[in-house]
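Colleague: Fold the following.
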Amino acid sequence: MASFAKFGQPIANLFLASVHYLLLRNPNENLARYYPSITKRQSEEIPFELFKNFCLTHENRIKDALSTKIVQTNVINRCSYLMPIFSQIIARENKSTTLIDIGTSAGLTLNFDRYEYWYNGHKMYGNSEVIIKSNIISDTTCDIVKIEQPLTKIGIDQHIIDPTDPEEILWLKALIWPDQLDRYKAMEEALQLNELKKINYVQASSIRDFENQILEMDQVQNLIIYATHVLYQFPEVEKDNFCEMLERIGKKRDYYFLSVEGTKALLDRNNSNETVIELTRYKDAHKSRIFVAETNGHGNWIKWKNPLFISSHIPNPTTNT
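Modeller: All right, here's what the predicted structure looks like:
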């Protein structure tokens, strides 16, 4: 069944999400009793035979989901590192800021400034029903600064998820691992925020579409572009095209690009085995990079490498310290 997944998709994620999707639509199935996302309680049992029989019974529906859907998550907890980094950049620039999320999905990380943040069990910032929790596993940290400057939020994706469409949101929830109840609660609360209506969603089918949209932005404003766990799904040629696009934009305007990936290029460049958080600044057609932190796919922990990246001078040339 899994072989019916679209080419280039994470097969295990897509297969398990397809099963989860059917159960969310039919919560009275026997198998659903073992899914915490449905029962709202954890289960110690893994009923493989029941799982297998369910898959065989619903084989055609699973194949249909595998062949038509993609892994397009919206992991809100990644804001655990986005908020400190963005708030520091915005405070330093001290002017209206446009944020562009590449691979935005439903745009939920763009509302990073509307969430509540807890680190190592202690509340650090905000008052919200959307709770972001993470552990700092380094000796240094990166503070959150109150954002007082106006923000413009733009989400770009080849497949925009409509946060008001129940069917699309059901698939988005199906992609959450069934035992991660905090993620379910955070997503449900984030989907209720009125701020979602203020996001400008842009559907783009090519790198050139991304570039044209970015170049339309007001050059007077501070610009931050970011991509979290997006480039790993790009074919190598498209990764190269994306990087070339960033270089072209950097020759025409100043901006920041935050990349959070586990791609070979980032791992090798920063001598890391974890997901790398790397900040690139384009200033006066000059590029400088900083290895900001390491994390994991869900932002459950952060190891800050360079919390001083918001100083008035970004080191140049590239530094990994």
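
Colleague: who are the neighbours in contact with the most centrally placed residue in the chain?
Modeller: Using C-alpha atoms, centre = their mean, the residue of the chain that lies closest to the mean C-alpha position is Thr228, 4.4 Å off. Thr228 makes contact with Val75, Arg78, Leu82, Gly103, Thr109, Val260, Glu261, according to C-beta atoms under 8 Å, 6 or more residues apart in numbering. Any C-beta I mention is one placed from the backbone N, CA and C, and that applies to glycine too.

Colleague: what's the domain layout of this structure?
Modeller: 2-68, 76-162+175-304 (automatic domain parsing).

Colleague: Quickly compare those domains and say which is most buried.
Modeller: Of all the domains of the chain, domain 76-162+175-304 carries the top mean neighbour count, a mean of 18, counting by mean count of other C-beta atoms under 10 Å.

Colleague: ok, which stretches of the stretch 1-150 of the chain are helices?
Modeller: 11-25, 36-39, 48-57, 59-68, 79-93 (DSSP state H, counting those that start in this stretch).

Colleague: So which of those helices is nearest Ser205?
Modeller: With C-beta to C-beta, the closest approach to Ser205 among those belongs to helix 59-68: 17.6 Å.

Colleague: what angle separates the closest one from helix 48-57?
Modeller: Counting by axes from the mean of the first three to the mean of the last three C-alpha atoms, to 10 degrees, helix 59-68 lies at 80 degrees to helix 48-57.

Colleague: Show me what helix 59-68 packs onto, helices and strands only.
Modeller: Judged by 3 or more C-beta pairs under 8 Å, 6 or more residues apart in numbering; DSSP states H and E, helix 59-68 is in contact with helix 11-25.

Colleague: Rounded mean pLDDT for the helix it packs on, please.
Modeller: What helix 11-25 shows for mean pLDDT is 96.

Colleague: Could you name the helices and strands sitting against it?
Modeller: helix 36-39, helix 48-57, helix 59-68, helix 166-174.

Colleague: Any stretches of this structure with poor pLDDT?
Modeller: For the chain, the stretches with pLDDT under 70 are 307-321.

Colleague: now that we're looking at Gly262, how far away is Ile46 from it?
Modeller: According to C-beta to C-beta, to the nearest Å, Gly262 and Ile46 sit 27 Å apart.

Colleague: which residue ranges form the helices in the stretch 201-321 of the chain?
Modeller: 207-215, 236-250, 264-270.

Colleague: closest to Ala190 out of those?
Modeller: That would be helix 207-215 among the helices of the stretch 201-321 of the chain, by C-beta to C-beta, at 24.0 Å.

Colleague: Direction-wise, compare that closest one with helix 236-250 and give the angle.
Modeller: Going by the same axes, to 10 degrees, helix 207-215 makes 20 degrees with helix 236-250.

Colleague: for helix 207-215, packing partners?
Modeller: By 3+ C-beta pairs under 8 Å, 6+ apart, helix 207-215 packs against strand 97-102, strand 151-157, helix 236-250.
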